[in-house]
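1. Just to be clear, the model below is a prediction. Sequence and coordinates:
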Amino acid sequence: MPQSQISGKAYHDATKHSYLSVQIDPNYVDASTQPSPFKVYPKFYRRVKLNLNNPVHSFISLTSTITLEKVYKDSPYKLRVNPSAGALYPTEVYVQVRGIEGIVDGIYHLEVENNYLTLIYELIDDGLESYIIPGKSINGFIFLISCVYYRSSWKYQNRSMRYCLLDSGHHLGAIAASAFLHNRDIQLIFDFDKLTLNSDLGFENKEFITACAVSGELQDKKIRRLRLKVPFVCGTDYFESNQFIEDAYQATTLQKSRQQKLEYPQFDFDKDKFYQTVWNRRSVRRFRKESISQEDYLYIVKQLEQSIPTENYEEIEIYSVVHRVEGMTSGLYKGTYLVKTGNFSEKTGYLCINQAIAKDGAVTLFFVSDYLNYQTAMQIAGFLGQRLYLTSNYLGIQCSGIGAYYDQETQELLETNKDVLYGMVIGI
């Protein structure tokens with residue numbers, strides 16, 4: 001498909017699952033060939049060891065840190081604050097720091113595996129603001145999310161850009177959670193000159209910027225583009241290109257998002273309890289088919305309806321297939337409105353490629369959108385997914401994301417023509 005035809009809608013349609021497509025291509029991979037999930041710059045780069053007793057260091061570290069290490073089938077896995085499709089972790093984080101005591105003004109790579117900030121570019125009168133918010137300067141932090149897409153396409157092939165964007169949204173949600181815990185406001189920005197920035201950061205075709213989050217004091221000041229290109233370091237130990245993904249990324253980057261007034265959410269979480277929730281968040285793999293309370297369910301819905309701190313926006317509608325909520329009729333809901341009654345647990349299990357969690361949980365949720373900007377819509381879906389994870393886990397309810405489902409048949413269950421971007425399930 002020529003690049004000019006790869007709109008967000010065309011990409012989404014081209015990567016839809018169906019019962020037949022999954023049978024034809026079950027997508028088995030050799031786990032021993034998985035590319036490296038960590039990017040590390042050469043040893044001679046200057047580094048700052050992040051100290052969790054330092055509030056600034058803690059703020060940065062908690063956006064991405066490893067929270068659990070385990071061995072699965074003789075392979076070590078390092079799980080992080082942000083979930084990832086297949087635990088493949090295609091996202092990377094870069095942080096521009098300006099005007100923060102004790103840290104040299106510069107652009108840093110967050111080295112998650114070792115909890116370091118690696119200085120990759122020292123600022124003078126230049127910086128990331130030129131690409132993101134021209135005419136302004138940020139005293140504080142600019143977090144850039146990028147995707148090393150081969151970490152995901154190694155397994156998920158063409159559909160992997162969906163998962164890269166959802167993972168990017170989850171990572172933005174992890175940044176938002178850390179900001180909440182450290183009493184900082186953040187603003188998400190999706191519409192900016194990503195293509196030029198990719199080039200100036202030296203990413204070649206192996207990594208691409210998806211979004212950024214800004215936290216700090218905004219000043220009227222002209223900042224120029226980076227005066228030098230950043231030396232390239234590959235985020236995987238080997239790489240196989242996917243031209244379809246690269247073309248789809250380029251084309252969907254150029255589309256403008258819808259716009260809204262910037263508003264900040266107002267959460268009432270107990271911060272000590274929420275901090276523990278961030279550290280202990282996990283993706284559940286099975287449910288006990290137990291019910292959750294209506295009070296907890298409605299609290300979760302209320303948090304999902306809170307503002308998303310961005311001016312670039314795509315509306316996400318959330319459908320809930322209620323299986324086991326005390327005091328609620330089983331059926332399909334949009335928000336709290338009952339669309340149709342029925343026991344759809346077996347149906348949702350089938351739709352989600354016969355994953356038991358989709359039928360055994362209390363509620364299966366689907367995020368849909370009629371978007372202008374596909375990248376923005378997918379990332380907001382992931383951002384809301386992170387909010388759902390943390391809110392449900394805060395209440396002692398388990399959660400898991402579901403990125404694989406029969407797209408068209410799911411639309412038929414939901415009675416919508418809008419694209420289904422994400423599935424999630426909560427329960428006990």
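-> Perfect, thanks for sending it.
2. Is the closest residue in space to residue 45 that isn't next to it in sequence in a helix, a strand, or coil?
-> Distances taken as Cβ to Cβ, 6 or more residues apart in numbering put residue 118 closest to residue 45, at 5.0 Å, once the chain neighbours are dropped. All C-beta atoms are positioned from the backbone trio N, CA, C, and that covers glycine. Here residue 118 is recorded as strand under DSSP: H, G, I helix; E, B strand; the rest coil.
3. Check residue 118 and give its pLDDT.
-> pLDDT, residue 118: 98.
4. Could you tell me how many residues sit around it?
-> Other residues lying near residue 118 total 22 when counted by other Cβ atoms under 10 Å.
5. Beta-bridge partners for it, please?
-> residue 47, residue 109 (DSSP bridges).
6. residues contacting it?
-> 41, 45, 46, 47, 108, 109, 110, 111 (Cβ atoms under 8 Å, 6 or more residues apart in numbering).
7. could I get those residues as TSV with distance to residue 150, pLDDT and neighbour count?
-> Shown next, in TSV, are the contacts of residue 118 (distance: Cβ to Cβ, whole Å; pLDDT from 0 to 100; neighbours: other Cβ atoms under 10 Å):
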residue	distance to residue 150	pLDDT	neighbour count
41	18	97	18
45	23	97	16
46	28	97	14
47	25	98	16
108	23	98	25
109	18	98	25
110	20	98	21
111	19	98	22
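8. residues touching residue 385, list them.
-> For residue 385, the contact set (Cβ under 8 Å, 6+ apart) comprises 83, 166, 169, 170, 173, 367, 401, 422, 424.
9. Over to residue 71?
-> If you count contacts by Cβ under 8 Å, 6+ apart, then residue 71 has residue 77 around it.
10. Greatest separation within the contacts of residue 385: which pair is it?
-> Using Cβ to Cβ, the two most remote members of the contacts of residue 385 are 83 and 367, lying 14.8 Å apart.
11. burial count for residue 44?
-> Each residue near residue 44 was counted by other Cβ under 10 Å, and the total is 6.
12. on that earlier part again, neighbour-wise, which one of the contacts of residue 385 leads?
-> Neighbour tally across the contacts of residue 385 (other Cβ under 10 Å): the maximum, 32 neighbours, falls on residue 169.
13. Next, it: secondary structure please.
-> From three-state DSSP, the assignment for residue 169 is helix.
14. Skipping adjacent residues, who's closest to it in space?
-> In this structure, residue 169 finds its nearest non-sequential neighbour in residue 382, 2.2 Å apart by Cβ to Cβ, 6+ apart.
15. CA atoms only: put the one helix or strand that neighbour maps to into PDB for me.
-> Element membership for residue 382 (DSSP states H and E) is helix 374-394. In PDB, the C-alpha atoms belonging to helix 374-394 read as follows (Å, rounded to 0.1, in the frame of the first residue of the first chain):
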ATOM      1  CA  TYR A 374      -4.800   7.800  14.900                       C
ATOM      2  CA  GLN A 375      -1.500   8.100  17.000                       C
ATOM      3  CA  THR A 376      -3.200  10.400  19.400                       C
ATOM      4  CA  ALA A 377      -6.300   8.200  19.800                       C
ATOM      5  CA  MET A 378      -4.300   5.100  20.400                       C
ATOM      6  CA  GLN A 379      -2.100   6.800  23.000                       C
ATOM      7  CA  ILE A 380      -5.100   8.300  24.800                       C
ATOM      8  CA  ALA A 381      -6.600   4.800  24.900                       C
ATOM      9  CA  GLY A 382      -3.400   3.500  26.500                       C
ATOM     10  CA  PHE A 383      -3.300   6.500  28.900                       C
ATOM     11  CA  LEU A 384      -6.800   5.600  30.000                       C
ATOM     12  CA  GLY A 385      -5.700   2.000  30.300                       C
ATOM     13  CA  GLN A 386      -3.000   2.900  32.700                       C
ATOM     14  CA  ARG A 387      -5.500   4.900  34.700                       C
ATOM     15  CA  LEU A 388      -7.800   1.900  34.800                       C
ATOM     16  CA  TYR A 389      -5.000  -0.400  35.900                       C
ATOM     17  CA  LEU A 390      -4.000   1.900  38.800                       C
ATOM     18  CA  THR A 391      -7.600   2.700  39.900                       C
ATOM     19  CA  SER A 392      -8.700  -0.900  39.900                       C
ATOM     20  CA  ASN A 393      -5.500  -2.100  41.700                       C
ATOM     21  CA  TYR A 394      -5.900   0.700  44.200                       C
END
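16. so how far is it off the chain centroid?
-> Centroid separation between helix 374-394 and its chain, computed with Cα atoms, centre = their mean, to the nearest Å, is 7 Å.
17. quick one on the thing from earlier: for the residue nearest to residue 169, the count of nearby residues, please.
-> Residue 382, neighbours per other Cβ under 10 Å, totals 33.
18. quick one: it and residue 31, what's the gap?
-> For residue 382, the distance to residue 31 equals 25 Å [Cβ to Cβ, to the nearest Å].
19. can you check residue 365 too?
-> Per Cβ to Cβ, residue 365 is found 30 Å from residue 31.
20. So which of those two has more stuff around it?
-> Taking neighbours as other Cβ under 10 Å, residue 365 and residue 31 compare with residue 365 leading, 26 against 11.
21. Pairing partners for that one in the sheet, please.
-> Counting by DSSP bridges, residue 365 is bridged to residue 320, residue 424.
22. Hmm, residue 104 is touching residue 121, no?
-> No: counting by Cβ atoms under 8 Å, residue 104 sits too far from residue 121 to count as a contact (10.5 Å).
23. which residue ranges form the strands in the stretch 301-428 of the chain?
-> Under the criterion DSSP state E, counting those that start in this stretch, the stretch 301-428 of the chain contains strands at 312-313, 317-322, 331-334, 337-341, 363-369, 398-402, 419-427.
24. Output those strands in JSON lines; the columns should cover distance to residue 229.
-> Formatted as JSON lines, these follow (distance: least, Cβ to Cβ, whole Å):
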{"stretch": "strand 312-313", "distance to residue 229": "27"}
{"stretch": "strand 317-322", "distance to residue 229": "42"}
{"stretch": "strand 331-334", "distance to residue 229": "48"}
{"stretch": "strand 337-341", "distance to residue 229": "52"}
{"stretch": "strand 363-369", "distance to residue 229": "36"}
{"stretch": "strand 398-402", "distance to residue 229": "36"}
{"stretch": "strand 419-427", "distance to residue 229": "34"}
